[in-house]
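S.K.: Show me how the following folds:
(2 chains)
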Protein chains: 2
Amino acid sequence: MTKLLAVGTVAFDAIETPFGKTDKILGGSGTFVGLAASKFGVETGVVSVVGGDFPQSYLDMMNTNGINTDGVEIVKEGKTFFWSGKYHNDMNSRDTLVTELNVLEYFQPVVPSTFKDSEIVMLGNLHPLTQASVLDQLNGTPKLVVLDTMNFWMDIALDDLHSVLKRVDVITINDEEARQLSGEYSLVNAAKKIHTMGPKYVVIKKGEHGALLFSEDSMFYAPALPLAEVFDPTGAGDTFAGGFCGYLAKTRNISFENMKNAIIYGSNLASFCVEKFGTERMVDLKNEEIETRLHAFKELTQFEIES
Amino acid sequence: MTKLLAVGTVAFDAIETPFGKTDKILGGSGTFVGLAASKFGVETGVVSVVGGDFPQSYLDMMNTNGINTDGVEIVKEGKTFFWSGKYHNDMNSRDTLVTELNVLEYFQPVVPSTFKDSEIVMLGNLHPLTQASVLDQLNGTPKLVVLDTMNFWMDIALDDLHSVLKRVDVITINDEEARQLSGEYSLVNAAKKIHTMGPKYVVIKKGEHGALLFSEDSMFYAPALPLAEVFDPTGAGDTFAGGFCGYLAKTRNISFENMKNAIIYGSNLASFCVEKFGTERMVDLKNEEIETRLHAFKELTQFEIES
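M.R.: Numbering: from 1, shown residues only, chains lettered A, B, ... in the order given. Have a look, this model is predicted:
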C-alpha cells in the first residue's frame, strides 16, 4: 500500500459564517489533508503538533478514519494552535479574528521512522524551512512531493521558499499567490515562471471558480461544483490537496492524465467539505457519496461534440 | 438553412488597454454576435441602426462574412453610437470614458420581411421594450429566443424586463447581474429563481472564469481558455452569445446536451475575440483555427476516470 505523509497543522478553529458560528472545533491543514486522503484507503501519516488541551477523542477519530497520528507531537504544557475567522456574506473573503500560534511557534516536525519511506509527501502551508526539514528526514527522494504555501511566506521568507521549491514536484497555490510569486498577471505566464523555480506541476486554486493544473506543455481545468449553499469554506483547499494526493497514492500513477483525475477527486471532496462546519462533513463521508458526486462532475464538464 | 436574427448595436468603439489604444474602430453587440454566428454558415441577419458617418466598407465587410445587413437602418443625418473605455491592468474591470447614444437613442428596430420567420433570435443588450418590439414583428414564435441584458435595465426598466423575459427561452447574463436580478447570492439559487421568470435556460457568463449553463434540472460548466495574454476583452461576451446561437442554428438541435456543445463553441470563439483589438481577430478567423482550438478545450476539460 502506498504511504502518504502529510505535514501540517492540527488545530482549533472558531468559525463564524452567515449561517452560524462555532466554538473551538477541530481544524488545521494536516487534519483536512489527512481526512481527505484517508477516503482512498492509503496509509496516511500526519506530522504535526498539538498542546495538552487537545482532546484525545480527536486523535481517536483520526485513527478510526485510518490516519496514523504517531507523528503528531503532544506538548503537554503547551496550547494547541488556534485560529478564529469570520466569513463575509459572499463567503469568498474572510477576516481573521484571532491567531494564536501557541505550540506551532516552536514546531520541529519529526517524521516517524515508519513514514520515512513515504512515496507521496504533502507539505502543508508552514514555514519553508519547516517544510524542507521534513524532506531532509526522508530516506531518499519520494515519488512525488506536493507543497502548499501562501503569500505570508513570500513576504517574510522568500529565499527559503525558493530553496524548498527546487525539491518540489507539485505546488498548490491560489491565483493571487501565483501572481505574487511569479510577478505575472496571466495565470498561464505565472505557471510558466513557477515551473522554472522547480515544480513540474502547478495547481492554481481559484476557490468557487475551480482549479487549474499546469504541466510544462499541458493544462487542465476542473470547476468547483456550483452549490446552492456554501456553509463553511474552511478547509476546502486542504481537502482538495488531500484528495489530490490520496487519489494519486491509491492509483500509483503520477502521469499528467491521472493528475487530471486527481484534480477532479480533490474538487469532489472539497465540495463536500464546505457543506458543514469544519471537519463535520468529512468525518462520516461515505464512498458511495463520493462516487455519486463524481457523476455530477462528469455531467457538469463532459461534452460530446458531434462533427 | 436555419435563419438567425440578431438585434443589437453596430457602433464605434475607442479602446484603451495596457497593450495600446485605438481610434474609433468597428464595435457593437450586433456586430460581434453576427461575426461569431457567421462562422457557422447560417443565414444571419443583423437588425441595428447607424449614422451617416458609418463607413460603407464596414457594411461590405459584414456582407462578405455572410451577414445580411438589410436590417441595419442608416440615419443619414445622424451619428453612429460611440463608446469609449479603458481597461485596467487586470483586464477584468474597465472605466467607460465616453458614451454617445446618438442614433441609438431613437432606435426602432425593423425586422426585414425575409427574417420574420427566423428560427433563432438573439436579442442583444438593449431596452427591454426594444427587445419586445422585435418579437412582436415576427411571424409566430421562433424555435429559440435568446436574450442578453445588463444591470442598467434592471435599474431603470425592471418591469419591462420581466415582461419580455416571459417570452424568452435563454437568458445570458453575468454573475453579478444574475445576483441582482434574482436577489440570490448563490448562482444555483439565482438560476432557479430566474427560471420562474420565464427562461428555461440560464447562461451565466463569468468572464475569465468561464460560463455556466443551467436548465431546471441540469447544469454545465465551460471554462474560458486560459490565455497568456488577453489583449482586448471588448466583444467577448457578444462573441460568446453569437457562437452559442450560431452553433445551435447550424445543428438545428436545441436539446440541453447540444447546448453544452454550443457553450463550448461560444467559449472557443470568445477566446479568439480577445486576442486582438475589436473585431480584428474575428474577421479573418478560419474554420481550421476554430477546430484546432476545440481540441484545446477538450484537452482542458475532458478526463477519463479509471474505476
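
S.K.: Residue for residue, what is the longest helix chain A has?
M.R.: Taking DSSP state H as the criterion, chain A has its longest helix at helix A:256-273.

S.K.: residues in chain A within reach of chain B, list them.
M.R.: Within chain A, the positions near chain B by CB under 8 Å from any CB of the partner chain are A:89-90, A:185-189, A:206, A:209-210, A:212, A:218-221, A:223, A:226-230, A:251, A:257, A:260-261, A:264, A:294, A:298-306. (C-beta placed from N, C-alpha, C; glycine too.)

S.K.: out of those residues, which are buried?
M.R.: The neighbour-count criterion (16 or more other CB atoms under 10 Å in any protein chain shown) marks A:185-187, A:189, A:206, A:209-210, A:212, A:219-221, A:223, A:226-227, A:230, A:251, A:260-261, A:264, A:294, A:300-301, A:303, A:305 among the residues of chain A next to chain B as buried.

S.K.: A:Ile74 is in contact with A:Val50, isn't it?
M.R.: Yes. With contact defined as CB atoms under 8 Å, A:Ile74 reaches A:Val50; the gap is 5.7 Å.

S.K.: More neighbours: the two, which one.
M.R.: Per other CB atoms under 10 Å in any protein chain shown, whichever of A:Ile74 and A:Val50 has more neighbours is A:Val50, with 27 against 16.

S.K.: Could you find the closest non-adjacent residue to that one?
M.R.: Nearest residue to A:Val50, sequence neighbours excluded (CB to CB, 6 or more residues apart in numbering or on different chains): A:Thr80, at 4.7 Å.

S.K.: before we move on, which element is the one you found in?
M.R.: Here A:Thr80, judged by DSSP states H and E, is contained in no helix and no strand.

S.K.: repeat for the one 10 residues further on
M.R.: In this structure, A:Asp90 sits in neither a helix nor a strand according to DSSP H and E.

S.K.: swap in A:Val121?
M.R.: Per DSSP H and E: A:Val121 is located in strand A:120-123.

S.K.: other SSEs contacting that strand?
M.R.: Applying 3 or more CB pairs under 8 Å, 6 or more residues apart in numbering or on different chains; DSSP states H and E, one finds that strand A:120-123 makes contact with strand A:3-7, helix A:128-136, strand A:144-148, helix A:236-251.

S.K.: Now it: average pLDDT?
M.R.: Per-residue pLDDT over strand A:120-123 has a mean of 98.

S.K.: Show residues contacting that strand.
M.R.: Residues outside strand A:120-123 that contact it (CB atoms under 8 Å, 6 or more residues apart in numbering or on different chains): A:2-8, A:33, A:37, A:131, A:134-135, A:138, A:142-148, A:164, A:168, A:241-242, A:245, A:248-249.

S.K.: Can I have the buried ones of the residues you listed as a ChimeraX selection?
M.R.: Buried members of those, defined by 16+ other CB under 10 Å, are picked up in ChimeraX with:
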select /A:2,3,4,5,6,7,8,33,37,131,134,135,138,142,144,145,146,147,148,164,168,241,242,245,248,249
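
S.K.: Show me what the host helix or strand of A:Tyr58 is packed up against.
M.R.: Assigned by DSSP H and E, A:Tyr58 belongs to helix A:56-64. Helix A:56-64 sits against helix A:29-38, strand A:67-75, with contacts defined as 3+ CB pairs under 8 Å, 6+ apart.

S.K.: Take the ones you listed and write them to a markdown table, including mean pLDDT and distance to A:Val110.
M.R.: Output for the helices and strands packed on helix A:56-64, formatted as a markdown table (pLDDT from 0 to 100; distance: least, CB to CB, whole Å):
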| stretch | mean pLDDT | distance to A:Val110 |
| --- | --- | --- |
| helix A:29-38 | 97 | 14 |
| strand A:67-75 | 98 | 7 |
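
S.K.: A helix includes A:Lys86, no?
M.R.: No. Counting by DSSP: H, G, I helix; E, B strand; the rest coil, A:Lys86 is not found in a helix; it is strand.

S.K.: quick one, what contacts the nearest residue to A:Tyr221 once chain neighbours are set aside?
M.R.: Nearest non-adjacent residue to A:Tyr221, counting by CB to CB, 6+ apart: B:Pro223, 4.3 Å away. By CB under 8 Å, 6+ apart, the contact list for B:Pro223 reads A:210, A:221, A:223, B:209-210, B:267, B:300-301.

S.K.: Filter the residues you listed down to just the ones in strands.
M.R.: Among the contacts of B:Pro223, the members found in strands (DSSP state E) are A:Tyr221.

S.K.: Show me which of the contacts of B:Pro223 is closest to A:Trp153.
M.R.: Lowest distance from A:Trp153 to the contacts of B:Pro223 (CB to CB) belongs to A:Gly210, with 24.1 Å.

S.K.: So the closest one is in contact with A:Ala222, correct?
M.R.: Yes. At 5.4 Å, A:Gly210 counts as touching A:Ala222 under the criterion of CB under 8 Å.

S.K.: Common neighbours of the two, please.
M.R.: Common contact partners of A:Gly210 and A:Ala222 (CB under 8 Å, 6+ apart): A:Ser267.

S.K.: State the helix or strand in which whichever residue of the stretch 51-200 of chain A sits closest to chain B lies.
M.R.: Relative to chain B, the nearest point of the stretch 51-200 of chain A is A:Val188 (4.5 Å; CB to the nearest CB). Taking DSSP H and E as the criterion, A:Val188 maps to helix A:187-195.

S.K.: elements contacting that helix?
M.R.: helix A:175-182, strand A:201-205, strand A:211-214.

S.K.: Need the contact partners of it.
M.R.: A:165, A:171, A:173, A:175, A:178-179, A:181-184, A:202, A:204, A:212, A:214, A:216, A:219, B:226-229.

S.K.: can you give me the angle that helix makes with helix A:175-182?
M.R.: Following axes from the mean of the first three to the mean of the last three CA atoms, to 10 degrees, one obtains 50 degrees for the angle between helix A:187-195 and helix A:175-182.

S.K.: what mean pLDDT does helix A:187-195 have?
M.R.: Mean pLDDT, computed over helix A:187-195, is 97.

S.K.: same question, stretch A:273-292
M.R.: Average pLDDT, stretch A:273-292: 96.

S.K.: tell me which residues in that stretch are buried?
M.R.: By neighbour count on 16+ other CB under 10 Å, the buried set for stretch A:273-292 is A:273-274, A:277-282, A:285, A:290.

S.K.: returning to that earlier point: could you export the helix holding A:Tyr58 as CSV, CA atoms only?
M.R.: In CSV, the C-alpha atoms belonging to helix A:56-64 read as follows (Å, rounded to 0.1, in the frame of the first residue of the first chain):
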residue,chain,number,x,y,z
GLN,A,56,-7.7,12.5,22.8
SER,A,57,-11.1,12.0,21.1
TYR,A,58,-10.0,14.0,18.1
LEU,A,59,-6.9,11.8,17.7
ASP,A,60,-9.1,8.7,18.2
MET,A,61,-11.4,9.9,15.4
MET,A,62,-8.4,10.4,13.1
ASN,A,63,-7.1,6.9,13.9
THR,A,64,-10.6,5.4,13.3
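
S.K.: So what touches it?
M.R.: Outside helix A:56-64, the residues that reach it (CB under 8 Å, 6+ apart) are A:10, A:26, A:31, A:34-35, A:46, A:69, A:72, A:283.

S.K.: Now with 6 Å, please.
M.R.: Residues outside helix A:56-64 that contact it (CB atoms under 6 Å, 6 or more residues apart in numbering or on different chains) are A:26, A:69.

S.K.: same question, stretch A:286-295
M.R.: A:Asn268.
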